[in-house]
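Colleague: Need a 3D model of the sequence below.
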Amino acid sequence: SSNPSVDLISLSIVTIYTVGMGNALLPSTLGAYWVALALLHGRIFEFPESVRAVTDGNVTLSRVQAFLEQPEIAPKTPPRSGETDKDHRDDLVVAVDRATFAWEAGGREEE
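Modeller: Coordinates of the predicted model:
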């Protein structure tokens, strides 16, 4: 399988070696290059994914750090039975007044 990143890196290396450094591309040099590229192919192939994983990890760590640096929020307790402080109830998300709950004892009936 081929990866455009690997092909681009390979072409760049050959171009720098021949054009940039002015070296001739001899069969022995080309053979050594292909062997070295074959040995590094897995690492070169995975390099873009590794960079993305490191970037994602850094973003995640910065988000966790920002979360951990948030000030502590004191928990709010609901009013107890008989309390009349209605202002305290505005802090609650859910309040149940005068409700009846029931369920059958013993669970399911077996046939």
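Colleague: okay, now the residue nearest to residue 23 when sequence neighbours are not counted: neighbour count?
Modeller: Distance criterion C-beta to C-beta, 6 or more residues apart in numbering; nearest residue to residue 23, sequence neighbours excluded, is residue 17 at 5.5 Å. C-beta: built from backbone N, CA, C; applies to glycine. Residue 17: 16 surrounding residues under other C-beta atoms under 10 Å.
Colleague: Sketch out the helices for the protein, chain order is fine.
Modeller: Counting by DSSP state H, residue ranges of the helices within the chain are 4-15, 27-68, 86-89.
Colleague: wait, the residue nearest to residue 23 sits on residue 25?
Modeller: Yes: contact status for residue 17 versus residue 25: in contact at 7.3 Å, counting by C-beta atoms under 8 Å.
Colleague: Contact partners for the closest residue in space to residue 10 that isn't next to it in sequence?
Modeller: The spatial neighbour of residue 10 that comes closest, neighbours along the chain excluded (C-beta to C-beta, 6+ apart), is residue 37 at 6.0 Å. Taking C-beta atoms under 8 Å, 6 or more residues apart in numbering as the contact definition, residue 37 lies against 10, 13, 44.
Colleague: can you put these in a markdown table and add neighbour count and pLDDT?
Modeller: As requested, those are exported to a markdown table (neighbours: other C-beta atoms under 10 Å; pLDDT from 0 to 100):
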| residue | neighbour count | pLDDT |
| --- | --- | --- |
| 10 | 16 | 80 |
| 13 | 14 | 85 |
| 44 | 17 | 72 |
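Colleague: and the closest residue to residue 47 other than its chain neighbours, how many neighbours?
Modeller: With C-beta to C-beta, 6+ apart as the criterion, residue 47 has its nearest non-adjacent residue at 6.9 Å, and that residue is residue 5. For residue 5, the count of nearby residues is 15 (other C-beta under 10 Å).
Colleague: swap in residue 6?
Modeller: Using other C-beta under 10 Å as the criterion, the residues surrounding residue 6 number 20.
Colleague: likewise the one 5 residues further on?
Modeller: By other C-beta under 10 Å, 10 other residues sit near residue 11.
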